[in-house]
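Participant: structure of the sequence below:
(2 chains)
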Amino acid sequence: MTTLHWIDYAIMVLYFAFVLGIGAMLRRYVHTSEDFFLSGRSIPAWVTGLAFISANLGAQEVIGMGASGAKYGIATSHFYWVGAIPAMVFVGLFMMPFYYGSRARSVPEYLKLRFDEKTRGVNAVSFAVMTVFSSGISLYAMGKLLNLLLGWSFDASILVAGGIVLGYIFLGGLTSAIYNEVLQFFLIVFGFAPLVFLGLRDVGGWAGLSARLAGVATDNGFAAGAYTRSWAFMGHASANPVGVEWFGLVMGLGFVLSFGYWCTDFLVVQRAMAANSMTAARRTPLIAALPKMLFPFLVILPGMLALVVSSTAVRSTSVAAPTPAAAAAPAVASAAATTTVALSDPGAEPREGIVPPKLDPRTGEPLRDARGRVVLDYDLATPMMLVHFFPAGLLGLGLTALLASFMSGMAGNVTAFNTVWTYDLYQSYIRRGAPDSHYLAMGRFATVFGVAVSIAAAYVAASFNNIMDFLQLVFAFVNAPLFATFALGMFWPRATGHGAFSGLVSGILAAAVHHGISLPAGAHVGVKGGYLGVVTTYPSELAQTFWTAIAAWVTCFVVTIVVSLLTRPRPAEQLHGLVYGLTPQPTDDVKRWYERPGPLALIVLTLTVALNLIFF
Amino acid sequence: MGIDLRMPLGALFGVLGLLLTLYGAATRGQPGTEPTGVPIDLIWGVVLFAFGLWMLLLARRARQAPKV
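Facilitator: Got it, this is the predicted structure:
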């Protein structure tokens, strides 16, 4: 277990004080519900832009992308350069005029304006449930990690983190969440940049990393460049560690999942809606895309490095046994040694790695795969890098950055939840026509309620791991078809409310059915799929996820069109400001050419193509 | 809205940078403080401090600029 020095604690305490201080300072600016939920639409574009990515920078990102980096190598960058940037450009250029211009206060409210009440209802209810459970899952992951890494109490960790997030949102509303997200953004950048520097220095730069990972690749039965080239081996699913071929990747991840998330998820769109002008709202995702495209170097590289850095050169002794379960302790203590054995191959480049093995929760012994090799606990790749490379002081900064990432993700969920709850559910179905102060008070209450449910969900996750797997599966079904509904709603005036609703429902069903008749290779029938009888198998879980999304999207798209054509459309004059072609083109209010959304989008896309080519 | 975000941003990183720089300078060369052989606390402390100052400077300039 890693012990912290006073300086590490001082850094954490200082950060928490600032976070709460910002909430306290902003409190006096919150007078109306619009101030609380939409920051009074008064935030400059650079702030909403950084908050836009920071709200998405939850635990899944920092820990998960590090884990994927260790598992898949540089191909993980597809989650950015294919699976994020194009969708971010699209939402900024083409969809923001409708979100911001319609004066809808939330994404479900846009659906109500464009389609009808039932379509909004489905989206609002599923979204509200999803946000509180997502933040619960994130809290659980944080509590578990801090316990394992530092021996902190699980209960205390999640109560303190939940309490701090509650404190600053309760006081300052969305503005407070956004300001803190920007703080968190810089903290994560400054906390992880030295990790990448020290890690690369240890392995001899990118060339050294490539050479060492070549050995890992051949050990795992891939070509030597499989971990360091993002596209070269995407021709066939079996040729790359991701287990996906290019078409499933581009359509499933790059189109359906990515556009479904970045273009319709209120968690991120809410940040842009808080911007102080239409141009600022459109620039928000474009400004966000610039740092976003560089994030692979910050969050994926540490995972790749963790596979191959020398485990003895630095102070590996301090990464000793965590204490949570007595049984787990001895096995993790010997993690470095076991990993070395698992990965070493005489004659190849020297490499060791610091990713510990995954332990069997019952026996405390490392798990082994079908070929008898130790299965690594990839989720610990990035945290292990932190404790491995950082001395006291910087370790405090790195851990604070990690905490910040958990908190920004949670705050994003909580602010999106309190808005959808108050405007789309409470004001629409429970109490209409109350004075604004009533809804402001309800927003504060919903914040407390949202955090409380998150904490409860964290405990549920701790006791029934499968329930969370199951819930995440359901969320995936609900989200997969969404982009078809929005795209048709925004760009096809003929789409009707009945069409949208039946499209959404059949898209969700299609996702469930496709998942039920398919199974990833090596998985057992159950939460991984196949519960309706295994008709087809996929080379990997990701491939199955991507194809499930494609099935859901196509079904929703087709059903929406067919039902729309059979039902009566709304008159065109009711669709002004809601549909492309019936809405005046937005004008830009910025002076310099590169600040305009169009040229900015072109710059972003050019740089993204360049990055794809460099790591091809 | 109300507060220029660059103020708290500058203040936080200014103080963090100062803390890290001083700690790095005070523990320089002591066993266990530079596991990679690089005085990283000192170097990174200076970087953070400079970033904090820059943010404060930008906020100050914006405040002094005549309102259009």
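Participant: where does A:Tyr459 land on pLDDT?
Facilitator: pLDDT recorded at A:Tyr459 is 89.
Participant: excluding chain neighbours, what is closest to it?
Facilitator: A:Tyr140 (7.8 Å; C-beta to C-beta, 6 or more residues apart in numbering or on different chains). C-beta: built from backbone N, CA, C; applies to glycine.
Participant: got it, and A:Asn180?
Facilitator: Spatial nearest neighbour of A:Asn180, chain neighbours left out: A:Val19 (5.4 Å); criterion: C-beta to C-beta, 6+ apart.
Participant: can you tell me the helix or strand for the one you found?
Facilitator: helix A:6-26 (DSSP states H and E).
Participant: buried residues of stretch B:14-34, list them for me.
Facilitator: By neighbour count with 16 or more other C-beta atoms under 10 Å in any protein chain shown, stretch B:14-34 contains the buried residues B:14-17, B:19-24, B:27, B:33-34.
Participant: tell me the one among those residues nearest to A:Gly516.
Facilitator: B:Leu16 (50.8 Å; C-beta to C-beta).
Participant: just the element for the closest residue to the closest one other than its chain neighbours, please.
Facilitator: The shortest distance from B:Leu16 to any non-neighbouring residue, by C-beta to C-beta, 6+ apart, is to B:Leu48 (5.3 Å). For B:Leu48, the host element (DSSP H and E) is helix B:40-64.
Participant: so A:Val535 versus A:Glu245, what's the distance?
Facilitator: Going from A:Val535 to A:Glu245 by C-beta to C-beta, to the nearest Å gives 19 Å.
Participant: the more surrounded of the two?
Facilitator: Using other C-beta atoms under 10 Å in any protein chain shown as the criterion, A:Val535 and A:Glu245 rank with A:Glu245 on top: 19 against 11.
Participant: quick check: the more buried one touching A:Met234?
Facilitator: Yes - with contact defined as C-beta atoms under 8 Å, A:Glu245 counts as touching A:Met234 (6.4 Å).
Participant: which ones are touching A:His5?
Facilitator: When contacts are counted by C-beta atoms under 8 Å, 6 or more residues apart in numbering or on different chains, A:His5 touches A:Ala392, A:Gly393, A:Gly396.
Participant: ok, A:Glu34 next?
Facilitator: Counting by C-beta under 8 Å, 6+ apart, the residues that A:Glu34 touches are A:Gly40, A:Arg41, A:Arg105.
Participant: and for A:Asp116?
Facilitator: A:Gly497, A:His498, A:Ala500, A:Phe501.
Participant: go on, A:Phe222?
Facilitator: A:Phe233, A:Ala239, A:Asn240, A:Pro241.
Participant: now it: how far from chain B?
Facilitator: 30 Å (C-beta to the nearest C-beta, to the nearest Å).
Participant: now the residue most central in space within chain B: closest residue in space that isn't a chain neighbour?
Facilitator: Against the mean C-alpha coordinate of chain B, by C-alpha atoms, centre = their mean, the closest residue is B:Phe49 at 2.1 Å. Among residues not flanking B:Phe49 along the chain, B:Gly17 sits closest, at 2.9 Å (C-beta to C-beta, 6+ apart).
Participant: check the one you found and give its pLDDT.
Facilitator: Reported pLDDT for B:Gly17: 95.
Participant: pLDDT weak spots in the chain?
Facilitator: Since no chain was named, I'll use chain A. For chain A, the stretches with pLDDT under 70 are A:1, A:59-60, A:312-351, A:465-466, A:468.
Participant: hmm, I had chain B in mind actually
Facilitator: Across chain B (using pLDDT under 70), the flagged ranges come out as B:1, B:66-68.
Participant: tell me the contacts of B:Pro8?
Facilitator: A:Phe18, A:Gly21, A:Ile22, A:Met25, A:Tyr179, A:Leu183.
Participant: the strands in the stretch 451-600 of chain A, which residues?
Facilitator: A:518-520, A:536-538 (DSSP state E, counting those that start in this stretch).
Participant: pick the most deeply packed of these.
Facilitator: Among the strands of the stretch 451-600 of chain A, the stretch with the highest mean neighbour count (mean count of other C-beta atoms under 10 Å in any protein chain shown) is strand A:518-520, at a mean of 21.
Participant: buried residues in stretch A:114-134, which are they?
Facilitator: A:114-116, A:118-134.
Participant: so how far is that stretch off the chain centroid?
Facilitator: Relative to its parent chain, stretch A:114-134 has a centroid offset of 19 Å by C-alpha atoms, centre = their mean, to the nearest Å.
Participant: with only the CA atoms kept, save it in CSV.
Facilitator: C-alpha atoms of stretch A:114-134 as CSV (Å, rounded to 0.1, in the frame of the first residue of the first chain):
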residue,chain,number,x,y,z
ARG,A,114,-40.2,18.7,-32.0
PHE,A,115,-42.3,15.6,-31.6
ASP,A,116,-44.6,15.0,-28.7
GLU,A,117,-45.0,14.3,-25.0
LYS,A,118,-44.5,10.6,-25.1
THR,A,119,-41.2,10.8,-27.0
ARG,A,120,-39.9,13.3,-24.4
GLY,A,121,-41.2,11.1,-21.6
VAL,A,122,-39.3,8.0,-22.7
ASN,A,123,-36.1,10.0,-23.1
ALA,A,124,-36.4,11.9,-19.8
VAL,A,125,-37.2,8.9,-17.7
SER,A,126,-34.5,6.7,-19.1
PHE,A,127,-32.0,9.6,-19.0
ALA,A,128,-32.7,10.5,-15.4
VAL,A,129,-32.4,6.9,-14.2
MET,A,130,-29.2,6.4,-16.2
THR,A,131,-27.4,9.5,-14.8
VAL,A,132,-27.9,8.6,-11.2
PHE,A,133,-26.8,5.1,-11.7
SER,A,134,-23.8,6.1,-13.8
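Participant: can you count the residues close to the closest residue to chain B within the stretch 451-600 of chain A?
Facilitator: Relative to chain B, the nearest point of the stretch 451-600 of chain A is A:Lys591 (11.3 Å; C-beta to the nearest C-beta). Using other C-beta under 10 Å, A:Lys591 has 7 neighbouring residues.
Participant: and it, its phi and psi?
Facilitator: Backbone geometry at A:Lys591, expressed as degrees, to the nearest 10, gives phi -90, psi -50.
Participant: re the thing from before, looking at the contacts of A:Phe222, state which has the most neighbours.
Facilitator: For the contacts of A:Phe222, neighbours tallied by other C-beta under 10 Å; top is A:Asn240, 28 neighbours.
Participant: isn't that residue up against A:Thr228?
Facilitator: No - judged on C-beta under 8 Å, A:Asn240 makes no contact with A:Thr228 at a distance of 11.5 Å.
Participant: what does stretch A:247-257 contact?
Facilitator: A:78-79, A:82-83, A:86, A:234, A:237, A:242, A:244, A:479-480, A:483, A:543, A:545-547, A:549-550, A:552-553.
Participant: thinking again about what came up before, could you list the buried residues of the helix holding A:Val19?
Facilitator: A:7-8, A:10-12, A:14-16, A:18-20, A:22-23, A:25-26.
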